[in-house]
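>>> I would like to see how this sequence folds:
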Amino acid sequence: MLRVLQRPAVWMPLTVLLLTGLLILLLGPVAWWATPAKHLQGKDKADVHNATRQTLLAAVGGLVVLTGAAFTARTYYLSRRGQFTGRYTTAIGQLASDKLTERLGGIYALEHLMVESDRDHNTVVEVLAAFVRERTRPASTPPATVGPIGAEQIASVHTIGSVVQPTDVQAALTVLGRRPHRSESNSVDLARTDLCGADLAAANLQRAELTAANLQGADLSAANLQGADLVEANLQGADLVEANLQRADLTAANLQRADLEHADLQGGYLGEARLTDAYLAGAHLQGVQLFQADLQRAGLGKANLQDAKLLTANLQAARLVRANLERGDLRGANLQGADLTGVNMERANLTVANLQRADLTGANLRGAELDRADLRGAELDRADLRGAQLQGAIMDSTTRASDELREAWAAAQSKSQDEGRA
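All right, here's what the predicted structure looks like:
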């Protein structure tokens, strides 16, 4: 029965009959019922009935137009979704090609799809991230080129040393880095990828998953890495100038020789991170966690480390000229030979800190806690230690300090001894 009704020769006449019946009903009984003409007679009554019929026809016409518009919109939506699906399928097929030019076409086709369709945004991001992960599995040698001599063998220019960053991978990273700013259900997953030497300048990598990723020598200048997971990531020699790393997790990350000038690391986690020879001049490190971090020979001139946690951190020979370490927690920190000229350490906690041979010329140490801090060989010329807790501090003849400071230190030691005997 259903098959018979689906035939045009059957349902079209039935539709015409149904519509004709509805029209007769509308212009007849419905029009008479809807006309308040009991008090009228003759021509006046007929005129009122005709006016009612015209009104009903106009209403039906408007309804037909609206219904047609709705069906047209629905048809357009389904057609557009079909186009998106077709474009997506084609792009995915191109990504699997062994030719570089086709892979690049697929990447940029997906970008266009992502820009045009909010609905497909997350899907495209996940596909491109998966493509990067698959193409950048750690390997001792770069992936071999495929195909005859031609475009598919174009050499990548994104290199560091002898390590080659494939051109298609760089293209996918560029697209991910400049994707539209929309709400995303998942973070960009690039964990354990080999992105050595990648160009990610000004890239949007907010909340990105980069655990154990190799970003050695990568350009991340002005990149947005806010809240990113960079635990155990390799950022050795990376360019992070003016990068946004607020609340990023860099626990045990390798940042040796990285350039972090004016980078924003406020509220970040850098516990056990390696920052040997890193350059952090003018960096924003307020409230950052740097416990047990290795900052040997790091450049921290004018850096803001207010309220930073540097427990047992290694700052040997670090350069902290005019840095702000107000209320910093440096208990047990190694500042041996560090340049602390003009540093602000007001109310800092330097309990058991090693300040041997440190240069504290003109430093502000007012109200600082220096209990058992080792100041042997330190330079304290013009240092302001008013209100500093010097009980238990270690000084000797090699400590270069004013007579007034030595007297204050001697009085503190005497008081400590008296308290001990009591």
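>>> Contacts only, for V352.
331-332, 371-373 (C-beta atoms under 8 Å, 6 or more residues apart in numbering). For every residue, glycine as well, the C-beta is placed using N, CA and C.
>>> Tell me which helix or strand A129 sits in.
helix 121-135 (DSSP states H and E).
>>> how about that helix: buried residues?
The neighbour-count check on helix 121-135 (16 or more other C-beta atoms under 10 Å) flags 121, 124-125, 127-129, 131-133, 135 as buried.
>>> re earlier: now the two most distant members of the contacts of V352.
By the measure C-beta to C-beta, G332 and D371 form the most distant pair in these, at 11.5 Å.
>>> ok so, going back, T312: which of the buried residues of helix 121-135 is nearest?
Nearest to T312 among the buried residues of helix 121-135, counting by C-beta to C-beta, is R133 at 35.9 Å.
>>> For A252, see how far away the closest residue in space to that closest one that isn't next to it in sequence is.
Spatially, and ignoring its direct neighbours in sequence, R133 is nearest to T193 (5.6 Å; C-beta to C-beta, 6 or more residues apart in numbering). Distance of T193 to A252, computed by C-beta to C-beta, to the nearest Å: 18 Å.
>>> Neighbour count for the two, which is higher?
A side-by-side neighbour count of T193 and A252, using other C-beta atoms under 10 Å, places T193 first with 25 against 18.
>>> just the helices in the stretch 301-422 of the chain please.
Remark: helices assigned in the stretch 301-422 of the chain by DSSP state H, counting those that start in this stretch are 403-421.
>>> Flag the shaky bits of it, pLDDT-wise.
Counting by pLDDT under 70, the ranges of the stretch 301-422 of the chain that qualify are 415-422.
>>> One more: the stretch 51-200 of the chain?
Along the stretch 51-200 of the chain, the parts satisfying pLDDT under 70 run over 51-64, 67-84, 138-164.
>>> For it, just list every one of the strands.
Per DSSP state E, counting those that start in this stretch, the stretch 51-200 of the chain carries strands over the ranges 158-160, 163-165.
>>> Identify the residues contacting D403.
Residues near D403 by C-beta under 8 Å, 6+ apart: none.
>>> Equivalent analysis for the one 4 residues further on, please.
Counting by C-beta under 8 Å, 6+ apart, E407 makes contact with nothing.
>>> again with V321
Contacts of V321 by C-beta under 8 Å, 6+ apart are 301-302, 339-343.
>>> Dump the residues you listed into CSV; add neighbour count as well.
As requested, those are exported to CSV (neighbours: other C-beta atoms under 10 Å):
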residue, neighbour count
G301, 20
K302, 17
D339, 21
L340, 28
T341, 21
G342, 19
V343, 32
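>>> can you tell me which of these lies nearest to A218?
G301 (24.2 Å).
>>> That closest one and A338 touch, don't they?
No - the pair G301 / A338 is not scored as a contact, 11.8 Å apart, by C-beta atoms under 8 Å.
>>> Which neighbours do the two have in common?
By C-beta under 8 Å, 6+ apart, G301 and A338 have these common neighbours: 319-320.
>>> hang on, the earlier thing: closest to H181 among the buried residues of helix 121-135?
For these, the nearest to H181 is H121 (10.3 Å; C-beta to C-beta).
>>> thought the closest one was touching E184?
Yes - judged on C-beta under 8 Å, H121 makes contact with E184 at a distance of 7.3 Å.
>>> Who are the contact partners of the spatially most central residue of the chain?
Residue closest to the average C-alpha location in the chain (C-alpha atoms, centre = their mean): Q206, at 1.0 Å. Applying C-beta under 8 Å, 6+ apart, we find Q206 in contact with 224-228.
>>> Also H121?
Contact analysis of H121 by C-beta under 8 Å, 6+ apart lists 114, 179-180, 182, 184.
>>> Tell me the most packed of these, by neighbour count.
When neighbours are taken as other C-beta under 10 Å, the top entry among the contacts of H121 is M114 (22 neighbours).
>>> Surely that residue is in contact with N122?
No - with contact defined as C-beta under 8 Å, M114 does not count as touching N122 (9.1 Å).
>>> on that earlier part again, shared neighbours of G332 and D371, which are they?
Between them, G332 and D371 share these contacting residues under C-beta under 8 Å, 6+ apart: 351-352.
>>> per-residue confidence at the nearest residue to G267 once chain neighbours are set aside?
Nearest residue to G267 in three dimensions, chain neighbours excluded: R247, at 4.6 Å (C-beta to C-beta, 6+ apart). Looking at R247, its pLDDT reads 97.
>>> Tell me which residues touch R247, please.
Neighbouring residues of R247 by C-beta under 8 Å, 6+ apart: 226-227, 266-268.
>>> most surrounded residue in these?
With neighbours taken as other C-beta under 10 Å, the top of those is G268, carrying 29 neighbours.
>>> quick one, what contacts it?
Residues in contact with G268 (C-beta under 8 Å, 6+ apart) are 245-250, 285, 288-289.
>>> so which of these would you say is closest to D189?
Taking C-beta to C-beta as the measure, D189 lies nearest D249 of the contacts of G268, at 15.0 Å.
>>> That closest one contacts Y269, correct?
Yes - using C-beta under 8 Å, D249 makes contact with Y269 at a distance of 4.7 Å.
>>> can you give me the strands in the stretch 201-350 of the chain?
According to DSSP E, counting those that start in this stretch, the stretch 201-350 of the chain contains no strands.
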